[in-house]
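> My questions concern the predicted model and sequence given below.
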Amino acid sequence: MRGNRVVRVLKIAAVATIGVVVLGEVVTQLWNWLMPGLFGWHVITFLQAVGLLILSKIFFGGFRGRPGFGGSGRRRVMERWEQMTPEQRTQFLQGMRGRGCGKFEGPTAEPQAS
């Protein structure tokens, strides 16, 4: 089992490295294409672009993982769903369908066979 863990860590490290390289290159190219022409700013290097990515992650994203329905958010929704009466669930589902949420079945619904 320890060998599987090492392989998994190496895969994650490889994907993270590829992601940093690709995103860094995209930021470098976009910056050097847009900013000097629009605002007269200097061109940047790849390492400066990676630094901008890290800085923007700190300012705007934090390091707590994905926002939204991860972890406690999903748990809260499930707890609220469990506390609803069948009438409240039906009313909630109708409201979601009315908002254009498509085939919203609710958190505990089973997939229907077509």
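Happy to help now that I have it.

> pretty sure Leu53 is touching Glu25, no?
No - contact criterion C-beta atoms under 8 Å: Leu53 and Glu25 do not qualify, at 10.8 Å. All C-beta spots, glycine's among them, are computed from the backbone N, C-alpha and C.

> and those two? which has more neighbours close in?
Leu53 (16 against 13; other C-beta atoms under 10 Å).

> dump the residue contacts of the more buried one.
Shown in contact with Leu53 (C-beta atoms under 8 Å, 6 or more residues apart in numbering): 20, 23-24, 27.

> Whichever of those end up buried, select them in ChimeraX.
A single ChimeraX command is used to select the members of those judged buried by 16 or more other C-beta atoms under 10 Å:
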select :24,27
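
> between the contacts of Leu53, which is nearest His42?
Of all the contacts of Leu53, the one with the least separation from His42 (C-beta to C-beta) is Val27, at 14.5 Å.

> gap between the closest one and Met35?
Distance of Val27 to Met35, computed by C-beta to C-beta, to the nearest Å: 11 Å.

> Next, the buried residues of the longest helix along the chain.
As assigned by DSSP state H, the longest helix anywhere in the chain is helix 2-39. Applying a neighbour-count criterion of 16+ other C-beta under 10 Å, one finds 24, 27-28, 31-32 buried in helix 2-39.

> Pick out the most distant pair among those.
With C-beta to C-beta as the measure, no two of the buried residues of helix 2-39 lie farther apart than Gly24 and Asn32, at 12.3 Å.

> Right, I'll call it a day here.
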